[in-house]
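Enquirer: 3D, please:
(one chain, ligands or ions: 1)
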Amino acid sequence: SNETTERPEKTGQGGETHQQSSDGARLTTAQGVPVSDNQNTLKAGPRGPALLEDFHFREKMFHFDHERIPERVVHARGYGARGYFETTDAIPELTSAHLLQEKGRKVPAFVRFSTVAGNKGSMDLARDARGFAVKLYTEEGNWDIVGNNIPVFFIQDAMKFPDLVHSVKEAPDRAFPQAQSAHDNFWDFISLMPEAMHMVMWTMSDRGIPRSFRFMEGFGVHTFRFVNAEGESHFVKFHWKPKQGLQSVLWDEAVKINGADPDFHRRDLWGAIQAGDFPEWELGVQVFDDAFADTFDFDVLDATKLIPEEDVPVRIIGRLVLDSVVDNFFAETEQVAFCTQNIVPGVDFTNDPLLQGRNFSYLDTQIKRLGGPNFTHIPVNAPKCPFAHFQQDGHMAMYNPAGRANYEPNSWKDGGPRADAEGGFTTYPEAIEGEKRKVRAELFADHYSQARQFYQSQTEVEQGHIADALIFELSKCEVLDIRKRVVAHLPNIDTDLAQTVSDGLGFDEMPEPDAPRRDMVEGLKP
Ligand code: HEM
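Expert: The predicted model follows:
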């Protein structure tokens with residue numbers, strides 16, 4: 001067969017073949033030449049000038065000069081750990097995913113938690129959503145669930161994502177504010193984007209300032225599909241439930257912690273794992289069929305909506321345990337590449353227009369961020385199951401196809417891998433019909449009902465925190481009209497909340513309620 005070169009098993013620096021020796025070893029250049037003096041450049045005479053001939057100095061400095069790679073365009077600040085996933089309840093009736101066929105199946109996992117808006121060096125306790133990205137190294141390939149700690153998203157369509165992110169990141173002229181939502185541009189965008197109000201309620205709630213990564217839930221957000229061996233499909237939503245429970249801090253605490261220890265969350269995760277107090281989450285699924293999906297008065301393809309757990313209970317099917325810190329932050333946490341399109345047989349996408357856009361975006365950005373198409377050769381991104389394909393060359397190619405054949409079909413005796421019509425991934429043959437168009441379906445038009453449900457599900461104390469957060473954040477907006485436009489949405493959610501925020505901002509009268517804006521939704525054009 002056309003075996004590719006064997007890869008190191010280790011997810012760290014590169015395993016046996018590339019492992020640098022450490023303890024007490026002789027210092028060498030990257031070419032392996034022993035170094036005699038690592039403190040002084042080669043000079044002409046005792047006082048210089050320095051000589052170009054000093055290959056050790058040039059190599060050391062050139063390498064240093066190239067140490068930085070672009071930070072992630074979003075979720076730049078993150079912290080990763082290794083662990084495992086174990087199936088606790090097999091669900092072969094729902095999915096043919098190999099991992100979920102039998103109780104007790106166990107695979108390695110890598111998880112990266114992150115803030116969304118801040119740069120790589122920003123503080124951990126910003127008010128923000130948190131990324132909760134999980135890579136499961138299954139026996140049928142890598143399965144990534146690239147989720148957040150909030151079950152819904154700001155926007156319904158990927159087309160809006162670059163604008164959303166521009167608005168939340170530092171303003172291009174002044175380069176502030178960083179890593180916080182107290183931001184004219186952000187609130188300006190939000191005030192014009194009513195579909196964001198549901199997630200705004202969540203980010204202004206205690207969920208926006210988790211006590212640590214260990215005390216957060218995780219959500220796949222989008223509706224995905226499970227497909228079983230008979231080819232039958234169900235819709236599925238993924239949930240990670242922390243065994244540690246759910247905890248947040250108060251804003252005053254967050255501000256203080258950020259000042260005293262901006263690394264609070266990463267220190268917490270590192271410390272807990274090093275102490276043997278391994279954090280654990282249950283994997284839960286909400287499963288429903290097409291007919292049930294049709295009974296909702298919103299579209300299950302709309303990522304600004306969740307499926308109420310009262311309607312579809314969460315069924316626990318597995319556990320995720322983080323039991324090992326990384327060997328090297330850059331090699332693993334910085335270079336790990338998650339992607340929504342990394343799914344395995346038995347799982348499939350839906351037509352959620354946000355998910356479809358994400359499937360395109362992650363691979364594209366990673367080819368740039370990680371310097372070319374070969375980032376799956378980096379141990380943390382490589383599958384841990386057998387793999388064989390004909391992709392070759394490009395920058396940093398380390399595992400080119402072995403032998404003569406690098407194309408298919410071929411007639412060579414040892415001609416390499418072949419597609420597997422029976423066991424390989426097949427797309428669920430969902431029927432597609434209709435005209436090409438840009439407008440969203442009418443069911444995407446209700447932007448406030450679930451925002452209201454969320455607000456009303458909170459205790460009185462928690463509701464107070466939401467009001468306080470809105471008053472604080474909006475009071476940082478310099479432009480009065482923006483404050484008013486945001487507040488004008490609130491009566492559509494809850495009149496008491498609206499009044500409290502309006503009073504808190506010192507408005508003489510409540511701004512006129514904003515008519516629900518129904519942009520580009522079928523039948524309701526602006
Ligand atoms: C990271 C795009 C929505 C969760 C990223 C990155 C991009 C991106 C380009 C950087 C990836 C990298 O450099 O490796 C998008 C687009 C979206 C979208 C275009 C909508 C159209 C979402 C949603 C979620 C999410 C809805 C949550 C369900 C994450 C997470 C990361 C991330 C967790 C960080 C992964 C890591 O830790 O490396 N996203 N995103 N994104 N995104 Fe999204």
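
Enquirer: so where do the helices sit in the stretch 351-500 of the chain?
Expert: Per DSSP state H, counting those that start in this stretch, the stretch 351-500 of the chain carries helices over the ranges 353-369, 449-457, 460-475, 480-487, 495-504.

Enquirer: then the chain?
Expert: Here the chain has its helices, by DSSP state H, at 15-18, 55-65, 161-168, 184-191, 197-204, 251-260, 264-274, 290-293, 329, 353-369, 449-457, 460-475, 480-487, 495-504.

Enquirer: residue 312 is nearest to which of these?
Expert: Nearest to residue 312, of all those, is helix 290-293, at 7.7 Å by C-beta to C-beta. (C-beta placed from N, C-alpha, C; glycine too.)

Enquirer: what helices or strands is that closest one leaning on?
Expert: Secondary-structure packing of helix 290-293 (3 or more C-beta pairs under 8 Å, 6 or more residues apart in numbering; DSSP states H and E): strand 233-242.

Enquirer: for the strand it packs on, list the C-alpha coordinates in PDB.
Expert: C-alpha atoms of strand 233-242 as PDB (Å, rounded to 0.1, in the frame of the first residue of the first chain):
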ATOM      1  CA  SER A 233     -31.400  11.600   9.500                       C
ATOM      2  CA  HIS A 234     -32.200  13.600  12.700                       C
ATOM      3  CA  PHE A 235     -31.400  17.100  13.600                       C
ATOM      4  CA  VAL A 236     -29.000  17.500  16.500                       C
ATOM      5  CA  LYS A 237     -27.800  20.300  18.800                       C
ATOM      6  CA  PHE A 238     -24.600  19.700  20.900                       C
ATOM      7  CA  HIS A 239     -24.200  20.700  24.500                       C
ATOM      8  CA  TRP A 240     -21.300  20.400  26.900                       C
ATOM      9  CA  LYS A 241     -22.400  20.400  30.600                       C
ATOM     10  CA  PRO A 242     -19.700  21.200  33.200                       C
END
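
Enquirer: what's the neighbour count on the nearest residue to residue 58 once chain neighbours are set aside?
Expert: Distances taken as C-beta to C-beta, 6 or more residues apart in numbering put residue 52 closest to residue 58, at 7.6 Å, once the chain neighbours are dropped. By the measure other C-beta atoms under 10 Å, the count of residues near residue 52 is 9.

Enquirer: equivalent analysis for residue 161, please.
Expert: Using other C-beta under 10 Å: residue 161 sits among 17 other residues.

Enquirer: ok, now how distant is it from residue 358?
Expert: According to C-beta to C-beta, to the nearest Å, residue 161 stands 8 Å off from residue 358.

Enquirer: quick one: name the residues of the stretch 251-400 of the chain near the ligand.
Expert: Residues of the stretch 251-400 of the chain found near the ligand (C-beta under 6 Å from any ligand atom) are 303, 336, 337, 338, 354, 357, 358, 361, 362, 365, 366, 369.

Enquirer: what do you get if the cut-off is 8 Å, keeping everything else the same?
Expert: Proximity of the stretch 251-400 of the chain to the ligand (C-beta under 8 Å from any ligand atom) is limited to residues 303, 336-340, 354-355, 357-358, 360-362, 364-366, 369-370.

Enquirer: of those, grab the buried ones for ChimeraX.
Expert: Selection command for ChimeraX covering only the buried members of those, criterion 16 or more other C-beta atoms under 10 Å:
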select :303,336,337,338,339,340,354,355,357,358,361,362,365,366,369,370
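
Enquirer: and residue 253, how far is that from residue 77?
Expert: Residue 253 is 19 Å from residue 77, by C-beta to C-beta.

Enquirer: more neighbours, these two?
Expert: Neighbours per residue, other C-beta under 10 Å: of residue 253 and residue 77, the larger number sits with residue 77, 26 against 13.

Enquirer: contact partners for residue 34?
Expert: Taking C-beta atoms under 8 Å, 6 or more residues apart in numbering as the criterion, residue 34 is in contact with 26, 27, 28.

Enquirer: which ones are touching residue 410?
Expert: Contacts of residue 410 (C-beta under 8 Å, 6+ apart): residue 416.

Enquirer: surely residue 163 meets residue 186?
Expert: No. Applying C-beta atoms under 8 Å as the test, residue 163 and residue 186 come out as separate, 11.0 Å apart.

Enquirer: who's more crowded, the two?
Expert: Between residue 163 and residue 186, counted using other C-beta under 10 Å, residue 186 has the larger neighbour count: 25 against 13.

Enquirer: so which of the helices of the chain comes closest to residue 417?
Expert: Closest approach to residue 417 among the helices of the chain (C-beta to C-beta): helix 353-369, 21.4 Å.

Enquirer: quick one: the closest one to chain centroid distance?
Expert: Centroid separation between helix 353-369 and its chain, computed with C-alpha atoms, centre = their mean, to the nearest Å, is 11 Å.

Enquirer: which helices and strands sit right next to it?
Expert: helix 161-168.

Enquirer: between the helix it packs on and helix 184-191, how many degrees?
Expert: Calculated by axes from the mean of the first three to the mean of the last three C-alpha atoms, to 10 degrees, helix 161-168 forms an angle of 130 degrees with helix 184-191.

Enquirer: buried sites along stretch 103-112?
Expert: Across stretch 103-112, burial judged by 16+ other C-beta under 10 Å covers 105, 107, 108, 109, 110, 111, 112.

Enquirer: what about it and the ligand, touching?
Expert: Yes. For a cut-off given as C-beta under 8 Å from any ligand atom, stretch 103-112 has contacts with the ligand, namely residue 112.

Enquirer: let's test this: mean pLDDT of that stretch, rounded?
Expert: The average pLDDT for stretch 103-112 rounds to 98.

Enquirer: distance check, whichever residue of the stretch 51-200 of the chain sits closest to the ligand against residue 316.
Expert: The minimum distance from the stretch 51-200 of the chain to the ligand, using C-beta to the nearest ligand atom, falls at residue 131 (2.8 Å). Distance of residue 131 to residue 316, given as C-beta to C-beta: 23 Å.

Enquirer: now do residue 488
Expert: From residue 488 over to residue 316 (counting by C-beta to C-beta), the distance is 42 Å.

Enquirer: can you check residue 166 too?
Expert: Look at residue 166 and residue 316: by C-beta to C-beta, they are 39 Å apart.

Enquirer: again with residue 352
Expert: For residue 352, the distance to residue 316 - C-beta to C-beta - is 24 Å.

Enquirer: quick one: low-confidence residue ranges for this structure.
Expert: Residues of the chain meeting the criterion pLDDT under 70: 1-19, 21, 179-182, 515-526.

Enquirer: need the strands for it, in chain order.
Expert: 78-87, 106-115, 130-138, 141-148, 218-219, 224-227, 233-242, 280-288, 315-324, 347-348 (DSSP state E).

Enquirer: elements contacting the third one?
Expert: Judged by 3+ C-beta pairs under 8 Å, 6+ apart, the packing partners of strand 130-138 are strand 78-87, strand 106-115, strand 141-148, strand 218-219.

Enquirer: run a quick neighbour tally on residue 139.
Expert: 13.

Enquirer: was I right about residue 176 contacting residue 170?
Expert: Yes. Under the criterion of C-beta under 8 Å, residue 176 makes contact with residue 170 at 5.4 Å.

Enquirer: these two: which has the busier surroundings?
Expert: residue 170 (18 against 10).

Enquirer: enumerate every residue touching that one.
Expert: Neighbours of residue 170 in contact, by C-beta under 8 Å, 6+ apart: 176, 177, 178.

Enquirer: those residues also near the ligand: which ones?
Expert: Okay, of the contacts of residue 170, nothing touches the ligand (C-beta under 8 Å from any ligand atom).

Enquirer: format the residues you listed as CSV; extra columns: distance to residue 404.
Expert: Below are the contacts of residue 170 laid out as CSV (distance: C-beta to C-beta, whole Å):
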residue, distance to residue 404
176, 58
177, 58
178, 54
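
Enquirer: out of those, which is nearest to residue 396?
Expert: Using C-beta to C-beta, the contacts of residue 170 come closest to residue 396 at residue 178, 31.9 Å.

Enquirer: what's the closest non-adjacent residue to that closest one?
Expert: Per C-beta to C-beta, 6+ apart, closest to residue 178 is residue 170, 5.1 Å.
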